[in-house]
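Engineer: Structure for the following, please:
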Amino acid sequence: MTEPVAPPAETPPPAPAPVRTAGWVKLLLGVSLALNLAVAGLAAGAFLRDGGPPQRRDRDLGFGPLGEALSHQDRKALRAEFLRSAPELVRGRAEMQADFTALVTVLRAPVLDPAALDSALATIANRNAEMLAKGREVIAGHLKAMSPEARAEFADRLEKALKRASRQDRDSDKGKDKPGKEKARDKERKAEPPAPAPDNTGN
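Structural biologist: Next up, the predicted model:
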């Protein structure tokens, strides 16, 4: 008696190719996240601590030259105000994370839903506006409470910070304009040891 032949095993369908995120979407996410962190990051303690170089810390939080112009006393006053606002900022940070989780879900769908994408991006934009408005409110209140002398000193520091930023931008642009070989020659010239002084002893 012939034994029954088992049917061939079915080959599972290939897994769907991962959805690639367009470059412009990644850029948009990066910009939006940076805007959120400019204020939401304060709740995590980056601005609420004294440690670390103040100028670098303020730039990282998105304040730019405005943050660099803050004096030590300015930072103490702003920290106190942000601490009073901490519960609101922490809540906003959690909501911001949920917004981005929803956006990731939309982007991972095999078929992109344009309406869902527009809605997710609009939600993030609205959250940005709310949180940045809070940060602007705190900083504006502090500036309005300054004496004329303190405000003038702040304006001087801000002007210097703007000039530094402008110089850095120009230097960066000059570096980008140089072709690769010219940049390599510049590095070689900097690495070369200085030429020995001429021997005038007659030996």
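
Engineer: so residue 119 is in which element?
Structural biologist: helix 114-144 (DSSP states H and E).

Engineer: lowest-pLDDT helix or strand in the chain?
Structural biologist: Sorting the helices and strands of the chain by mean pLDDT, DSSP states H and E puts helix 54-60 at the bottom, at a mean of 44.

Engineer: which phi and psi does residue 111 have?
Structural biologist: phi -120, psi 120 (degrees, to the nearest 10).

Engineer: before we move on, the earlier item: can you tell me the average pLDDT over the helix holding residue 119?
Structural biologist: Helix 114-144 carries an average pLDDT of 86.

Engineer: what do you get for stretch 97-109?
Structural biologist: 93.

Engineer: list the buried ones in stretch 141-161?
Structural biologist: 142, 154, 157, 158, 161 (16 or more other CB atoms under 10 Å). Bear in mind the C-beta positions are built from the backbone N, C-alpha and C, glycine included.

Engineer: for stretch 73-90, same thing?
Structural biologist: 74, 75, 77, 78, 79, 82, 85, 89.

Engineer: These into CSV, with extra columns for pLDDT, secondary structure and distance to residue 105?
Structural biologist: Putting the buried residues of stretch 73-90 into CSV (pLDDT from 0 to 100; DSSP: H, G, I helix; E, B strand; the rest coil; distance: CB to CB, whole Å) gives the following:
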residue, pLDDT, secondary structure, distance to residue 105
74, 83, helix, 41
75, 78, helix, 39
77, 82, helix, 41
78, 79, helix, 36
79, 75, helix, 36
82, 73, helix, 32
85, 71, coil, 30
89, 65, helix, 25
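
Engineer: Number of residues surrounding the closest residue to residue 116 other than its chain neighbours?
Structural biologist: Distances taken as CB to CB, 6 or more residues apart in numbering place residue 106 nearest to residue 116, at 4.7 Å, with adjacent residues excluded. Neighbour count for residue 106, taken as other CB atoms under 10 Å: 17.
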